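In: Any chance you could fold what I've pasted below:
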Amino acid sequence: MSQTDTANTSETLGFQAEVKQLLHLMIHSLYSNKEIFLRELVSNASDACDKLRFEAIDNPALLEGDPEMRIRVEFDKEQRTITISDNGIGMSRDEAIANLGTIARSGTKEFFSQLTGDKQKDTQLIGQFGVGFYSSFIVADKVSVLTRRAGEDQEAVLWESSGEGEFTIAAAEKAERGTTITLHLREGEDDFLDGWRLRNVLRRYSDHISLPVQMRKEEWDEEKQQQVTQDEWESVNQASALWTRSKSEITDEQYQEFYKHIAHDYENPLAWTHNRVEGRSEYTQLLFVPKQAPFDLWDRDARRGVKLYVKRVFIMDDADQLLPAYLRFVRGVIDSADLPLNVSREILQESRDVRAIREGSAKRILSLLEDLAENQPEQYAEFWGQFGQVLKEGTGEDMGNQARIAALLRFASTHQEGSAQTVSLNDYIGRMKEGQDKIYYVTADTFAAASNSPHLEVFRKKGIEVLLMSDRVDEWMLSYLREFEGKQLVSVAKGGLDLDSLADEQEKKHQAEVAETFKPLVERLQATLGEKVKEVRITARLVDSPACVVVDANELSPHLLRMLQAAGQEAPEVKPILEINPEHALIAKVQAADDEAFEQWAQLLLEQAMLAEGAALQDPASFVKRVNRLLLNL
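Out: Here you go, the predicted structure:
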């Protein structure tokens, strides 16, 4: 819907539905810290100047004879306004409508689906989403944006809205390129109409920005007994890129504010690393690990990567080639001294310098995580809860660092109660039994299914720890992670499980005798089940269960097969191996059954074992009838 007024060429347009929803949240002050609006608007102004610098590399005329970038903040007590202006890239009419009237980013639907109505949780989520401009409506009941795109002399635009579902846009005049945002403050927000307060906020939120943030000088007027604004402008920030400064000069608070600036996050980062690398490739890296996973972490279309600068000139926001995909949660800045200013994504993919940066940055992040794991285990546990599944991808994506990544992995295990993933592979090796030379694990769709798997029975009896894996990425990870510190990782659900090294001579002798005794039953079950199974055999792995199904060591696990089928991919047919527990009372009943009942018992043993493994039965109705029939005959 649009409504045009021919007298002033003004057009009224409706906000995108998602913007209306977001504005409602903003206006009702989801942010506990209202001054956040100033950080967001100054951050946007800084980005606009960075983009102009980049475009002016190929088209210097865009600078219009004014190469010095700046941001200016001023206030008017009488008009009750705050104005933030920049001489950056500016916006055309279409860009103003797109940037100020819609949320054009992937994951928008997912973002709104996660809003809960809990103010604290929703505040954190909004911070992750990076609302930028819309934070203006926390303190303003009307916002005016006057903007002209660099290089378009005649085409200025005035955008205005009270944040109530509509905005107007009209042609306007503006001598300088860039954007001027005027906030008409709500009642009760007059404490922002104070130079000292604004300077304080700006120093805290913009000291890291590499261009000057200016306010008009103020001097004390003895006669009027008040501060009087002068015509002269002065910088209120250091105006030097934070990453170029010495680490000793930067406070934790400055690092945290810089992270919030580049990540558009509401929370402080969990950890960071700041280094200057010299040698064949020269670059500076300032990389942050967030506290919380972004809502779009698993969205394949979401923008990834860190900010890339070349010799302090901004190049791009999402240089995903500078870090491997399994570290896509990392935010930060990389400033290269070697890459050309006109670097493109194609050049990034082929550049040897970029490969060196990617490898160096990955190692630096792994070092940071290793330090957290060793010296701040509570913080590492917090990291693992948010990003553990992503880090597991690195075992297959980064073979050069596989051992380091593997040492950082955490799992649930039979050694502990509950589903918490706190056990490292080094922890496991430190608790291995005498004679044990393998790391045992079980995979399942859920933690409950893994912890109750019948395959664990003999391991619990012998006190051997088993890792419990129920993350979707685990099966993929295990196809690459075959051993750790010389110890092979072995699934307890695979056939041919060799526990002889953990059995004494008496146990081995007993197992051999049992196998011979029950040989006729095994042959009878094999004949009855026919093509439904690959093999029937006696097992020593069961204690409380009558039977289980396994597959050969070189075949895909049932869990992985189900995952492939659920994803619509073709999966090879794998016939299960039925293993029976000769010590179980149910096996004695099967052995004593007549031919008709024996067939029913044989089918039931297989179906029970399949269900315990998490598989879906092809004919559940027949299974129920079979159980009922056998129960009636007990």
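
In: how about L286, secondary structure?
Out: Assigned state for L286: strand (three-state reduction, DSSP: H, G, I helix; E, B strand; the rest coil).

In: Could you find the closest non-adjacent residue to it?
Out: Among residues not flanking L286 along the chain, W243 sits closest, at 4.2 Å (C-beta to C-beta, 6 or more residues apart in numbering). Yep, even glycine has a C-beta here, placed from its N, CA and C like the rest.

In: What is the neighbour count of the one you found?
Out: 24 (other C-beta atoms under 10 Å).

In: how much space between it and L308?
Out: Taking C-beta to C-beta, to the nearest Å as the measure, W243 falls 12 Å from L308.

In: Need the residues touching each of the two.
Out: Contact criterion C-beta atoms under 8 Å, 6 or more residues apart in numbering; residues shared by W243 and L308: 333, 335.

In: Can you report how many residues neighbour the spatially closest residue to S281 that is not a sequence neighbour?
Out: Using C-beta to C-beta, 6+ apart and skipping the chain neighbours, the partner closest in space to S281 is A356 (4.2 Å). Using other C-beta under 10 Å, A356 has 18 neighbouring residues.

In: domain assignment for this structure?
Out: Per automatic domain parsing, the domain ranges recorded for the chain read 2-219+232-239, 243-377, 410-492, 514-632.

In: hmm, back to that, would you check how far apart the residue nearest to S281 and T446 are?
Out: Going from A356 to T446 by C-beta to C-beta gives 43 Å.

In: Also Q402?
Out: Between Q402 and T446 the distance is 27 Å, computed by C-beta to C-beta.

In: cool, and S351?
Out: 44 Å.

In: out of the two, which sits in the busier spot?
Out: Each of S351 and T446 has its neighbours counted (other C-beta under 10 Å); S351 has more, 19 against 11.

In: for the nearest residue in space to that one that is not next to it in sequence, helix, strand, or coil?
Out: Spatial nearest neighbour of S351, chain neighbours left out: L339 (6.9 Å); criterion: C-beta to C-beta, 6+ apart. Classification of L339 by three-state DSSP places it in coil.

In: tell me the phi and psi of L339?
Out: phi -70, psi 150 (degrees, to the nearest 10).

In: which residues sit against stretch 570-584?
Out: Contact with stretch 570-584 is made by 495, 514, 517-518, 521-522, 525, 529, 531-539, 541-543, 545-552, 555-556, 558, 561, 564-565, 587, 605-606, 609-610, as judged by C-beta under 8 Å, 6+ apart.

In: What's the ChimeraX line that selects buried ones from those?
Out: This is the ChimeraX syntax for the buried subset of the contacts of stretch 570-584, where burial follows 16 or more other C-beta atoms under 10 Å:
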select :495,518,521,522,525,529,533,534,536,537,538,539,541,542,543,545,546,547,548,549,550,551,555,556,558,561,587,605,606,609,610
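
In: Which ones among the contacts of stretch 570-584 lie within strands?
Out: Of those, the ones assigned to strands by DSSP state E are 535-538, 547-550.

In: coming back round to it: can you check my assumption that the residue nearest to L286 lies in a helix?
Out: Yes - note on W243: a helix contains this position according to three-state DSSP.

In: I'd like to know how far it sits from L146.
Out: W243 is 32 Å from L146, by C-beta to C-beta.

In: now do N33
Out: Taking C-beta to C-beta, one finds N33 at 28 Å from L146.

In: So which of the two has more stuff around it?
Out: More neighbours surround L146 than the other of N33 and L146, with 21 against 11 (other C-beta under 10 Å).

In: The more buried one contacts A172, correct?
Out: Yes - the pair L146 / A172 is scored as a contact, 6.0 Å apart, by C-beta atoms under 8 Å.
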